[in-house]
Each structure stands twice: as structure tokens, then as C-alpha cells.
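Novice: coords please:
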Amino acid sequence: MAAPPGAAPGDIVHLNVGGTRFSTSKQTLTWVHDSFFTSMLSGRIATLKDESGAIFIDRDAKLFSVILNYLRNKDITLGDVDVCALRHEAEFFGITPLVKRLILCEDLEQSSCGDVLFHGFLHPPNPPLHRSPSLAALEAELTRESRPGAVMRVPEAYSRGHSRNASEDFRPSHSRNGSLNFRQKGHSRNSSADLRQHSRNSSVEFLNHRSDVSLLFAPVVTTGEPLRVTIVKGHHNWIAVAYTHFVCCYRMKDPTGWHLVWTSTYLEQPVEKIAINAKVMTTNQDNTNKMVAMSAGAHVQLWNVAEDGTSREIGVFSLLVVVDSLFFIGSQLVGLSHTGKVGVWHAMTQHWQIQDVVPITSYDTAGSFLLLGGNNGKIYYIDMQKFPLRMKDNDLLVTELFKDPSGDMVTALSVYLTPKTSLSGNWIEIAYGTSAGIVRVIVQHPETVGHGPKVFQTFTVHRSPVIKVMLSEKHLVSVCSEYNHVRTWSVTRFRGMISTQPGSMPMASFKILSLDDMEPVNSYSAGNDYGPFGERDDQQVFVQKVVPETNKLFVRLSSTGKRVCTIKSVDGSTIGAFCVHECEGSSRMGSRPRRYIFTGHTNGSIQMWDLSTALDMMSKTEETTDDPGGPTPSELVKLLEQSDLSNSRSSTPCISPSPSLIVSRGGDTARIKASNLSYLSQFANGQDQPRGAEGGPLQPFLVTKF
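Specialist: Residues are numbered from 1 along each chain as shown. Prediction:
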């Protein structure tokens with residue numbers, strides 16, 4: 001190609017960018033100093049030329065054309081170009097003036113004050129000082145024995161062994177057949193839990209002494225994120241926040257907002273579960289004290305926390321096995337293990353007792369009742385307010401309520417109590433799921449009290465074990481282990497009771513994709529439960545966290561899967577835990593309770609989001625918007641860029657599919673989920689849903705961090 005008249009041949013530069021040819025002048029490319037082009041044309045960067053002699057640059061041609069037009073005109077037209085991708089290219093080429101403009105555009109779109117749903121920001125607390133138990137014991141001893149003029153010698157080594165005798169009562173359980181008659185108002189917001197086995201260390205002695213000798217500290221073993229929030233739980237206008245080695249409480253005071261009220265001492269073992277009860281009613285109807293509990297391994301620690309921040313340790317108890325779930329039923333603290341042990345601390349007797357039942361695979365609460373699903377296909381219930389009158393051992397009354405017709409393991413459980421009226425009496429409805437993927441609804445009619453619940457409906461739409469089920473006033477929701485596949489039905493009611501005509505009608509089918517870390521911490525499942533959340537007479541939502549390390553959550557309706565909103569942390573920090581909680585309204589006239597999403601972050605902060613406003617905004621625009629539901633393919637790919645996908649439980653990289661997952665049957669290789677990306681391509685390729693060698697589901701894929 002000949003150079004224009006008056007121009008030297010070296011002034012014309014021919015480029016091949018990603019297969020697209022561009023021609024421009026050297027002056028156009030080099031007016032921005034210290035850029036990629038000045039280095040390339042000066043010879044500081046080695047170049048590769050194609051067959052025509054054009055300099056080859058392996059970058060996106062569409063984005064480069066925008067950058068080249070900016071270099072020509074010093075102006076930019078974005079059109080449908082993604083600003084983030086364009087900024088990335090501008091940074092690669094070192095076009096500093098363009099980078100500054102694009103950063104400003106991004107800052108204007110993403111304010112650090114959040115969008116209309118952002119409700120508040122709580123700064124990280126000051127972590128408690130770490131002292132070894134041996135030094136704390138020595139401090140107490142020196143404080144008692146010290147006197148003026150005394151000479152004290154500090155030993156060089158200390159014994160690190162400690163023990164605490166837990167208050168426990170380990171006696172046989174009782175099983176009695178009979179019907180279930182709930183007389184308590186209200187019901188639990190929590191659906192069945194995932195009671196998985198973990199291997200954890202026992203907790204050690206917790207001491208709380210202070211004096212000048214506390215300047216002697218043990219070596220502190222810190223993690224990469226010592227202020228990472230692992231669990232957030234709420235009750236009324238209080239929230240409890242768990243960090244790796246301490247727990248703190250925030251309280252909402254009208255009209256001054258949220259305040260940090262209490263912080264625990266340093267806890268030697270990592271916190272795995274927490275529970276809070278902000279409505280502890282005493283004999284004199286005093287509600288100034290709150291209960292906060294945490295578990296680490298087999299041990300449970302319980303505090304009494306006053307509204308002014310003062311606290312008293314009630315005790316440290318042992319369940320003898322790992323605590324899988326920890327929660328309050330009224331004023332009773334309950335700890336469950338999948339092995340079948342139930343530990344209860346009773347507020348009136350101040351006594352901790354342990355009882356054996358069958359291995360537990362699911363549970364739910366309703367009023368003062370605890371319902372347990374067993375691996376033997378039976379459903380049991382325990383009334384936490386009733387004990388045998390003529391038994392010296394004072395065991396819990398464990399009553400068998402129902403047995404699954406197929407004898408399958410009860411893996412999910414949900415109880416719905418209809419409003420108590422003079423017409424309907426006490427109508428009890430229970431939905432449960434099994435290891436065979438079956439969902440059943442059982443009911444107890446007022447006229448059949450004494451004969452036990454009867455099967456009302458059966459659904460066989462899942463081919464994998466059911467891991468969650470929720471029965472509410474308007475909907476029945478079930479989730480199986482196949483990529484958290486959700487099926488929903490609309491429930492027809494007559495005078496508050498579930499109707500036999502037509503009963504439950506199919507409504508929606510979708511997936512709540514939520515990838516697990518390859519080696520998750522023991523508290524991850526407790527702090528990142530995706531729901532569904534909400535009162536059972538109100539709209540419920542799923543909160544979808546696609547990958548473990550992300551700053552974004554997708555809030556979706558549990559009934560249809562439609563997206564309510566997208567939450568993105570205002571400071572860009574990773575979300576470590578979250579919960580949905582309804583706070584009481586203020587004392588002002590017309591104030592109503594509002595639902596919020598609390599997100600705990602790896603930098604220790606708590607961010608609050610107004611879910612009530614999001615639901616109101618969605619109801620106004622639902623008819624006119626094309627709802628994307630969960631993350632779109634492009635959003636999902638961007639989220640997966642933050643993680644390394646693996647199809648093997650081994651930390652060593654291997655080929656895909658993993659040889660350990662390949663099972664041969666009759667000479668044919670079974671089709672399996674070779675990687676997470678198969679989720680995006682399995683239907684695009686026209687393939688069937690991948691199944692295991694025996695037709696059953698395979699283990700969900702895993703994700704490891706870079």
C-alpha cells in the first residue's frame with residue numbers, strides 16, 4: 001500500500017487486531033505518552049507480523065475500534081459497548097485519559113451509598129484480645145496471691161489442658177403413638193435443615209478475667225480474614241453476628257438506629273453455630289435480658305445479655321457429639337445432632353439434658369413443638385413445655401406421629417398451622433420430602449384427633465433426594481439435590497384449610513444454583529442458607545449466592561423463581577454470610593414491621609437491604625418487565641470467573657471428567673457432570689439431563705478459590 005503524498009512510509013501503521021485490519025498514523029497512536037503503542041513502535045515491545053506485514057495484536061477488534069476512534073477524535077461513543085470491558089482494554093493499551101473517563105462513568109453508576117434498597121452500614125467491631133486459657137488462669141492466680149513487696153515468678157511453660165464438666169442428663173428416650181394437637185399460635189420461619197456430619201474439635205475452657213497481667217498475651221494465630229462474618233441471625237430487633245473467634249450483638253433502638261451492644265470474649269475454637277432469643281420472658285414478665293448461644297464441636301456456650309450490654313455466662317454444655325443445629329424454641333435452647341441426640345436447656349429449671357432419638361435427617365418447629373424426621377421414615381414430635389409427671393428421670397416426651405408408607409428417609413420437613421377458628425378447630429398440615437424424591441402432604445382433621453395425620457397428596461416429580469420443603473398459606477415449595485432444583489405448587493384453601501378440589505396445582509420449575517467451596521468451613525452452611533425465607537402467610541424468597549466468594553446476591557420469589565432484586569455490596573467486599581429478618585415497627589402510629597436482608601462481609605461490616613421495598617417495587621413493575629429470574633448466562637460466566645471449577649473432591653488437578661467419577665456399565669461409560677460448565681451447555685447441546693451410573697444423582701460439583 002503506497003503512502004499518501006507528503007507522508008513518510010513509516011508514518012502509516014497497519015495493524016491486525018484479532019483478525020481485523022486497521023490502518024492509522026503513527027501520530028494518532030502515540031499522542032498518549034507511555035502507552036502500549038509508544039512502547040511497541042519504539043521497539044521496547046517485541047512485535048509479531050502477519051503475512052502482509054501488519055503488526056498482529058491478539059485483542060478484541062470491536063473494543064479496539066472504539067479505542068482507535070478515541071485516539072483519532074479525542075471523543076468516545078459507547079453505544080452498546082460494555083463500559084467495564086472497554087476500561088479493561090483501555091488499561092491494557094495504557095490509554096490513561098480514556099481510563100479516567102471510564103472509571104468516572106463506573107463510579108457514577110455504582111455509588112458507595114448504594115441504590116434505593118440499601119438501608120444501612122454497620123462498621124466492624126473491635127475484636128476481643130486473645131489470651132491463652134493458661135495465661136488467663138495464671139492471671140487470676142497472681143491477682144489473688146499478689147501483695148505489696150511480694151516477688152512472683154512466672155513459669156516459662158504452662159499446661160494447656162482444660163476441662164469443664166458439662167451439665168447433662170443422658171437417659172433413654174420414649175416413643176408413644178398418638179395424634180398431634182397443636183395449641184400454640186405461630187410457627188417457625190425455618191424449613192428443614194441440612195444436618196450433615198462434620199469432624200470438629202471440642203471447645204476449651206472459656207475464662208473472663210482482667211487485670212494488669214493481661215498484658216501478657218499468648219501468640220495469636222490469625223487467619224487471612226480475622227474479621228470475616230461467618231453467620232448472621234436475627235430475632236425481633238436484635239441481630240447476632242458470628243466471627244471466627246467471637247460473637248457480637250446489635251440492637252435497633254428507635255429512633256437512633258442500630259447500635260453495637262455486646263461483644264463476647266475471645267473464643268478458642270471457631271464458632272460454628274449461633275442462636276439468639278430476644279424475647280426471654282421471666283416470671284415477672286421482664287424482657288430486658290436476651291439469650292445468645294454458640295456451638296463449637298460438641299460444646300454449647302450460653303450467655304445472658306442485658307440491654308445495656310452487660311452479660312453473664314450461664315454455662316458451657318456438651319452434647320457429646322457434634323452440634324449440627326442450634327436454635328431456641330420459646331425460652332428453651334435446643335441443640336441437635338444427626339446422630340439422634342437432642343440437647344435441651346430449659347429456662348425455668350436451668351438444667352441441660354440430653355436425650356437419644358433415632359438418627360435425625362430433618363426438623364421443623366411450630367409453637368412449642370419440635371418435629372423430627374428420622375432415617376427410619378418416621379416423623380416424631382416433642383413438646384418442649386411438657387414432661388412426664390410420674391417419671392423420675394424427667395425425660396422429654398418423644399411421640400411418633402407418622403410413618404412414611406414407603407419407609408423412605410424423611411429428608412425435609414415443614415409444618416403449617418392454619419388460623420385457629422371456631423369453624424376449623426385445629427387443622428394441622430405437614431409437608432415432607434424423602435430420600436427417594438417424593439413429596440407428601442399429610443393433614444390432621446379436627447374430627448380425626450386421636451387417629452393421627454392422613455396422607456393428603458403425593459408428588460413424585462423429583463428424581464433426587466428432597467433437601468428442602470416449605471408449606472405456606474398459598475404455596476408448596478420443594479427443592480431436591482439436583483442443582484437445587486425447585487418445584488412449586490399453588491395451594492387452594494377454603495376457610496383457611498387446604499382444599500381437596502383441586503388441592504395443589506403445579507406452578508413453576510427452576511434452579512437455585514449455589515456452588516460449594518471445595519473445603520468449606522464448618523459454619524458456611526449455617527451462614528449461607530438460601531431459604532426460602534419469610535412468614536408462611538406472606539410472600540417468601542430465595543437468596544441465591546452462586547459462588548462462595550462473591551459480592552453479589554440474587555433475591556428471587558420462592559413461588560415463581562422471578563428475580564426480586566440484585567444485591568451488590570456497596571464497598572465491593574465479599575459477602576461471607578447473610579440472613580433475611582423481619583424487624584418490628586417503631587412505636588409511631590402506622591409503623592409496620594419491615595423485612596431486611598443483612599449481609600455480613602469479609603471485612604467485618606454488616607450491610608442492610610430493604611426487602612419490603614424491593615417486593616413493593618416488583619409488584620408494581622411485574623406486568624411490564626421481562627424478568628430474568630436467576631443469573632443470566634453472561635452473569636453466571638462472570639461469577640464463575642472468580643472461582644476455579646473442579647469436578648473432583650481431590651485438590652490435585654485432574655483431567656475432565658475425573659477418572660474417579662467414571663463408572664462403566666455393560667461396556668458403556670455413564671454420562672456424568674464433568675464440570676460446572678455442563679450446567680450451561682447440557683441443554684444447548686440437546687443432551688438429556690446427566691445422571692449417575694445407576695440412574696441416581698451424582699454429587700454436586702465443587703468450587704475452589706484461586
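Novice: Identify the residue spatially nearest to residue 308, adjacent ones excluded.
Specialist: In space, residue 308 comes closest to residue 261 once its chain neighbours are excluded; the distance is 8.0 Å by CB to CB, 6 or more residues apart in numbering. Heads up, the C-betas are built off the backbone N, CA and C, glycines and all.
Novice: Please give the element, helix or strand, for the one you found.
Specialist: Secondary structure from DSSP states H and E places residue 261 in strand 257-263.
Novice: if I pick the residue nearest to residue 308, what's in contact with it?
Specialist: 238, 249-251, 305, 307-309 (CB atoms under 8 Å, 6 or more residues apart in numbering).
Novice: can you list the residues you listed in a markdown table and add neighbour count?
Specialist: Formatted as a markdown table, those follow (neighbours: other CB atoms under 10 Å):
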| residue | neighbour count |
| --- | --- |
| 238 | 24 |
| 249 | 25 |
| 250 | 21 |
| 251 | 19 |
| 305 | 25 |
| 307 | 15 |
| 308 | 9 |
| 309 | 13 |
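Novice: thinking again about what came up before, tell me, what's the model's pLDDT at the residue nearest to residue 308?
Specialist: In the predicted model, residue 261 carries a pLDDT score of 94.
Novice: Return the list of strands paired to the strand holding residue 261, each annotated with direction.
Specialist: strand 247-253 (antiparallel) (DSSP bridges).
Novice: who touches the partner strand?
Specialist: Strand 247-253 is contacted from outside by 122, 125, 237-241, 258-264, 267, 271, 274, 276, 290, 292, 294, 305, 307, 583, 606, using CB under 8 Å, 6+ apart.
Novice: Recalculate using a threshold of 7 Å.
Specialist: Around strand 247-253, the neighbours that count as contacts under CB atoms under 7 Å, 6 or more residues apart in numbering are 122, 125, 237-241, 258-264, 271, 274, 292, 294, 305, 583.
Novice: which of these count as buried?
Specialist: Buried members of the contacts of strand 247-253, counted by 16 or more other CB atoms under 10 Å: 122, 125, 237-241, 258, 260-264, 271, 274, 292, 294, 305, 583.
Novice: Give me the distance between residue 439 and residue 410.
Specialist: 11 Å (CB to CB, to the nearest Å).
Novice: ok, the two, which is more surrounded?
Specialist: Between residue 439 and residue 410, residue 410 has the larger neighbour count (other CB atoms under 10 Å), namely 30 against 25.
Novice: Can you read off the backbone torsions of the more buried one?
Specialist: phi -90, psi 100 (degrees, to the nearest 10).
Novice: what about residue 95, distance to residue 597?
Specialist: From residue 95 over to residue 597 (counting by CB to CB), the distance is 39 Å.
Novice: What of residue 460?
Specialist: 34 Å.
Novice: who's more crowded, those two?
Specialist: Legend: neighbour count by other CB under 10 Å for residue 460 and residue 597, higher for residue 597 (24 against 10).
Novice: surely residue 230 meets residue 578?
Specialist: No. The criterion here is CB atoms under 7 Å, and residue 230 misses it with residue 578 at 11.1 Å.
Novice: Could you tell me the end-to-end distance of stretch 260-268?
Specialist: 22 Å (CA to CA, to the nearest Å).
Novice: and residue 46, what does it touch?
Specialist: Contacts of residue 46 (CB under 7 Å, 6+ apart): none.
Novice: Same question for it, what's its three-state structure.
Specialist: coil (DSSP: H, G, I helix; E, B strand; the rest coil).
Novice: so residue 68 sits in a helix?
Specialist: Yes. Assigned with three-state DSSP, residue 68 falls within a helix.
Novice: what's around it, how many residues?
Specialist: So residue 68, with other CB under 10 Å, has 18 neighbours.
Novice: hang on, isn't it packed against residue 23?
Specialist: No. Residue 68 lies out of contact with residue 23 (CB under 7 Å); the separation is 10.1 Å.
Novice: Surely residue 574 is in contact with residue 601?
Specialist: Yes. Here residue 574 reaches residue 601: they are 6.4 Å apart, a contact under CB under 7 Å.
Novice: In terms of neighbours, single out the busier of those two.
Specialist: Using other CB under 10 Å, the more surrounded residue of residue 574 and residue 601 is residue 601, with 25 against 18.
Novice: Quick check on that one: phi, psi?
Specialist: Torsion angles, degrees, to the nearest 10, at residue 601: phi -120, psi 170.
Novice: how about the nearest residue to it, chain neighbours excluded?
Specialist: In space, residue 601 is closest to residue 573, 4.2 Å off (CB to CB, 6+ apart).
Novice: Pull up the gap between that neighbour and residue 334, please.
Specialist: Noted for residue 573: a distance of 33 Å to residue 334, by CB to CB.
Novice: Between those two, which has more neighbouring residues?
Specialist: residue 334 (22 against 18).
Novice: Mind listing the residues bridging to that one?
Specialist: Beta-bridge partners recorded for residue 334 (DSSP bridges): residue 327, residue 344.
Novice: Residues in a beta bridge with residue 372, which ones?
Specialist: When assigned by DSSP bridges, residue 372 has beta-bridge partners residue 363, residue 380.
Novice: can I assume it is in contact with residue 355?
Specialist: No. In terms of CB under 7 Å, residue 372 does not count as a neighbour of residue 355; the distance is 11.1 Å.
Novice: can you give me the helices for the stretch 451-600 of the chain?
Specialist: 524-527 (DSSP state H, counting those that start in this stretch).
Novice: for the chain, that is, sorry about that
Specialist: 26-30, 36-41, 61-73, 83-93, 96-109, 133-145, 524-527, 611-621, 633-640, 678-681 (DSSP state H).
Novice: Can you tell me what sits against the second one?
Specialist: Same thing as helix 36-41. 26, 29-30, 45, 47, 92-94.
Novice: Between all of these, which two are at the greatest distance?
Specialist: Farthest-apart pair in these is 26 and 92; separation 19.8 Å (CB to CB).
Novice: Return the distance of the residue nearest to residue 308 relative to residue 122.
Specialist: Following CB to CB, the distance that separates residue 261 from residue 122 is 12 Å.
Novice: Look at residue 44 and say how many residues are nearby.
Specialist: 8.
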